[in-house]
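Enquirer: show me the folded form of this:
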Amino acid sequence: MSAEALVRQLRTELDDGGLRGSFLVRDLKSGHELGIDADRVYPIASLVKVPLAAATLERIRLGELDGATQLEVAPGGVTTPGPIGLTRFRHPARIAVDDLLYLSTALSDGVAADVLFGLTPPAEIMRTLDGWGLSGIAVRHLMADLVDTPAERFDAGEVDLAHALAIGAGTAGRGHRLAQLDVTRANAASARAVLDLLQALWTPSRIDPAVAAGVRELMAHNVIRHRLTPDFASDAARWSSKTGTLLNLRHEAGVVEHADGRVFGVVALTESRVPAVLQPEADVLMARVARELRDHLRGA
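Expert: Alright, predicted model coming up:
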């Protein structure tokens, strides 16, 4: 099957499954790539923790921060199901910067990420990305903003109403009544911009090799592995990734390193038009689409 025919088929499968998205798979050694709407911009939710980690490690390298410095962190106070780590702590804790990086990136801990944002604010992260020659990723706000949506205001049995609002309140220009879903106000990027960051981390020339290795190691220890991991991890492949989830958005970005030496960056940014919180079928579908794009490139 030609690449064009495959993309048409996968678009149909996504639509039939109630999804659309920005997908891109790239051979990080040859530069060959295949995608679906790879330049479409989405709010990236917790994917922003990857540039946050990179910028924090860069400041540690420069001596502006000390990874061993311990900070007192207030408890997250979140009692609803879902969040993990410090976000669910009930008492203050003292955590080193290095350990906050692990919690933020590998566990997707929002409170840990916001402590790091307190050290390296969004504007500083944008300056760091610009200094590395990376564009297309907008870092604008903290993770706390992502837990201030209608989903937190409805009773548990009515959360589908928040998803219905997320689906129906967008504009043709990618604006949205909810700031967290408005690409002009949210942390946002396209699949291509996120993959450019992954490329810079896995083939470092612009980013210091030690900084890049630190981010790769954090992503290799990602504990959220229900989305793309089943289609990319194996005894013969190392999968390192970061997920992002917000209302009807489900994302994952990662790199698969095969035992034969082939290395592929994979980014899937998706939005569902099904007003439901739990959608395992959506995770399965986005993983299958990403894998088929990778398989086509691998066999080319």
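Enquirer: and Glu292, how many neighbours?
Expert: When neighbours are defined as other CB atoms under 10 Å, Glu292 has 20 of them. From N, CA and C alone the C-beta is placed, and that goes for glycine too.
Enquirer: which residue is the nearest non-sequential neighbour of it?
Expert: Excluding the flanking residues, the one nearest Glu292 by CB to CB, 6 or more residues apart in numbering is Leu10, at 6.3 Å.
Enquirer: dump the residue contacts of Glu13.
Expert: 285, 288-289 (CB atoms under 8 Å, 6 or more residues apart in numbering).
Enquirer: tell me where the stretch 201-300 of the chain has helices.
Expert: Assigned by DSSP state H, counting those that start in this stretch, the helices in the stretch 201-300 of the chain fall at 209-220, 229-232, 280-299.
Enquirer: spatially central residue for this structure, please.
Expert: The residue lying closest to the centre of the chain (CA atoms, centre = their mean) is Leu47, at 2.4 Å.
Enquirer: neighbours around the closest residue in space to that residue that isn't next to it in sequence, how many?
Expert: The shortest distance from Leu47 to any non-neighbouring residue, by CB to CB, 6+ apart, is to Gly244 (4.0 Å). Gly244 has 25 neighbouring residues, counting by other CB under 10 Å.
Enquirer: quick one: contacts for Gly244?
Expert: Contacts of Gly244 (CB under 8 Å, 6+ apart): 44-48, 250-253, 269.
Enquirer: hang on, the earlier thing: who wins for neighbours among the contacts of Glu13?
Expert: Of the contacts of Glu13, with other CB under 10 Å as the count, Val289 tops at 27 neighbours.
Enquirer: next one: the nearest residue to that residue once chain neighbours are set aside from Arg262, what distance?
Expert: Closest residue in space to Val289, ignoring its immediate chain neighbours: Leu10 at 5.0 Å, by CB to CB, 6+ apart. From Leu10 across to Arg262, the span is 21 Å (CB to CB, to the nearest Å).
Enquirer: looking at the two, which has the bigger crowd around it?
Expert: Leu10 (20 against 16).
Enquirer: surely that one is in a helix?
Expert: Yes. Per DSSP: H, G, I helix; E, B strand; the rest coil, Leu10 lies within a helix segment.
Enquirer: give me the number of residues near Arg94?
Expert: So Arg94, with other CB under 10 Å, has 9 neighbours.
Enquirer: name the helix or strand for it, please.
Expert: Assigning secondary structure by DSSP states H and E places Arg94 in strand 93-96.
Enquirer: on contacts alone, who are the packing partners of the next helix or strand after that strand?
Expert: Using DSSP H and E, the helix or strand that directly follows strand 93-96 along the chain is helix 97-106. For helix 97-106, the helices and strands in contact under the criterion 3 or more CB pairs under 8 Å, 6 or more residues apart in numbering; DSSP states H and E are helix 49-61, strand 70-73, helix 110-119, helix 209-220.
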